[in-house]
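**Student:** I would like to see how this sequence folds:
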Amino acid sequence: MPRICDLSGARTTRGNRIRYRGKAKYLGGIGKKVTSITRRTYKPNLQEVTALVDGRPTRMRITARCLKTGLIVKAPRRKYTWTAQQKKKA
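**Tutor:** So this is what the prediction gives:
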């Protein structure tokens, strides 16, 4: 299963990790020098959530950013115990 958000389409991206040596000029050095550049991956913070889609609970993989901004409505939790209203119906 790919690491992709179902709502925003966020996916794994690639970038660089840059290593420096030396002391910054404003601290009295001669400046920082790049000693190595290596490739790295940036992975989205995916959470598996049960959300309401068209009134039905479905499982989705969503980034934490989408959850925090409220783009989805989480499905209500199931009640496994009898309540007073359910006893009246039965």
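**Student:** all helices for this structure, in order.
**Tutor:** All helices of the chain, identified by DSSP state H, fall at 64-69, 84-89.
**Student:** From residue 22, how far out is residue 28?
**Tutor:** Residue 28 sits 11 Å away from residue 22, taking CB to CB, to the nearest Å as the criterion. All C-beta spots, glycine's among them, are computed from the backbone N, C-alpha and C.
**Student:** coming back round to it: out of the helices of the chain, name the one with the poorest average pLDDT.
**Tutor:** Here the lowest mean pLDDT among the helices of the chain goes to helix 84-89, at a mean of 67.
**Student:** residue ranges with poor pLDDT in the chain?
**Tutor:** Low-confidence segments of the chain (pLDDT under 70): 82-83, 85-90.
**Student:** Tell me who's in contact with the spatially most central residue of it.
**Tutor:** Closest to where the C-alpha atoms of the chain average out (CA atoms, centre = their mean) is residue 45, at 2.4 Å. Residue 45 sits next to 63-65 when contact means CB atoms under 8 Å, 6 or more residues apart in numbering.
**Student:** Next: residue 14.
**Tutor:** Counting by CB under 8 Å, 6+ apart, residue 14 has contacts 39-42.
**Student:** still on that earlier bit, got a winner among the contacts of residue 45 for most neighbours?
**Tutor:** Top of these by neighbour number is residue 63, holding 21 neighbours under the definition other CB atoms under 10 Å.
**Student:** Pretty sure that residue sits against residue 5.
**Tutor:** Yes. Applying CB atoms under 8 Å as the test, residue 63 and residue 5 come out as touching, 4.5 Å apart.
**Student:** Please identify every residue contacting each of the two.
**Tutor:** In contact with both residue 63 and residue 5: 44, 46, using CB under 8 Å, 6+ apart.
**Student:** So which residues of this structure form strands?
**Tutor:** 13-21, 33-42, 46-53, 56-63 (DSSP state E).
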